[in-house]
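K.L.:
kindly generate the corresponding structure for this input.
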Amino acid sequence: MSEITINTSQNVNIIFNTASIGERMIAFGIDMVIKAAYLFSIYFLIDLFNISSMGTDLEWLAFIIILMSPLIFYTLVSELLMEGQTIGKRIMKIKVIKIDGYQAYFSDYLLRWFFRLIDVYSNGGAIGLITMISSKYNQRLGDLSTGTAVISLKNKVNISHTILQEIANDYIPTFPQVLALSDHDINIIKTHYQNAIAHNDMVVIQKLANKIQSVMKLDSRHIPMNLNEFIQKILQDYNHFTGKE
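P.N.:
Numbering: from 1, shown residues only. Alright, predicted model coming up:
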């Protein structure tokens, strides 16, 4: 599983694991089960009420097109409404993101959906599979054409590995004011920061940094680092002063 580094508009580098091919295939399978259940329900209701014998051929054709629309546009509408996820992706905790750090647009989701005709539904999905295997971030043609990738939202790295890194003996703390925080405060900061990183939620990271600066009575204009570096530095300084791992 490869890692992808996203540089956000706030100049914060966030590292994600790309979703594995297996995770994407399982998510696709879940979505197919949902589609099959919908299709079965439609056929059952048509047979139950003998709808096929009603109306003209043209009316019946229009009716079928309307009924099939949810199947056809399921992925497109789901990723639009669920911000890069379908039900299958949400269950598997994977998500479509732009690799430049910006939110994907309608045009991105539309192009990805269109390329499914080539990636997924032609040649038994062989084209999409080969492309994912050969690309750096497990990207199919639809991803490559839109600058997107599918990432895993699962926390597979212990927080102590990403935030509370081992402090060197000669470590020099930057913010002695960190002692104004309690163990409870630090645990809250770690939890919210970890969740924000996992979901690329810069709003939460900004609010978290503002709250820390307020409690510690720091002036943001005199902090020579970005938000990500600041919060990590706070956690490292606290670890240094308290000797906590």
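K.L.:
CA atoms only: put stretch 180-199 into CSV for me.
P.N.:
The C-alpha coordinates for stretch 180-199 follow below in CSV (Å, rounded to 0.1, in the frame of the first residue of the first chain):
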residue,chain,number,x,y,z
ALA,A,180,-0.7,25.4,30.9
LEU,A,181,-2.4,22.3,29.3
SER,A,182,-3.5,19.2,31.2
ASP,A,183,-3.2,15.6,30.3
HIS,A,184,-6.9,15.7,29.5
ASP,A,185,-6.4,18.7,27.2
ILE,A,186,-3.6,16.9,25.3
ASN,A,187,-5.7,13.8,24.9
ILE,A,188,-8.5,15.9,23.4
ILE,A,189,-6.0,17.6,21.1
LYS,A,190,-4.6,14.3,19.9
THR,A,191,-8.0,12.8,19.3
HIS,A,192,-9.4,15.7,17.3
TYR,A,193,-6.1,16.2,15.4
GLN,A,194,-6.0,12.6,14.4
ASN,A,195,-9.6,12.6,13.2
ALA,A,196,-9.0,15.9,11.3
ILE,A,197,-5.9,14.5,9.6
ALA,A,198,-7.8,11.3,8.6
HIS,A,199,-10.6,13.3,7.0
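K.L.:
quick one: buried residues of that stretch?
P.N.:
Of all the residues in stretch 180-199, those buried under the rule 16 or more other Cβ atoms under 10 Å are 181, 185, 186, 189, 190, 192, 193, 196, 197, 198. Any C-beta I mention is one placed from the backbone N, CA and C, and that applies to glycine too.
K.L.:
show me how far it is from its chain's centre.
P.N.:
Taking Cα atoms, centre = their mean, to the nearest Å, one finds the center of stretch 180-199 at 20 Å from the center of the full chain.
K.L.:
distance of the residue nearest the centre of the chain from residue 32?
P.N.:
For the chain, residue 95 is the residue whose C-alpha lies nearest the centre (Cα atoms, centre = their mean; 3.5 Å). Going from residue 95 to residue 32 by Cβ to Cβ, to the nearest Å gives 19 Å.
K.L.:
and what of residue 53?
P.N.:
To residue 32, residue 53 is 30 Å away according to Cβ to Cβ.
K.L.:
mind checking which of those two has more residues around it?
P.N.:
Between residue 53 and residue 32, counting by other Cβ atoms under 10 Å, residue 32 is the more crowded of the two (12 against 8).
K.L.:
so which residues of the protein form strands?
P.N.:
With DSSP state E as the criterion, the chain has strands at 3-7, 13-18, 94-98, 148-152.
K.L.:
what mean pLDDT does the second one get?
P.N.:
When you say that, I think you mean strand 13-18. Per-region confidence: strand 13-18 scores 75 on mean pLDDT.
K.L.:
could you do the third one as well?
P.N.:
Along strand 94-98, the predicted local confidence has a mean pLDDT of 91.
K.L.:
identify each buried residue in that strand, please.
P.N.:
Residues of strand 94-98 classed as buried: 94, 95, 96, 97, 98 (neighbour count, 16+ other Cβ under 10 Å).
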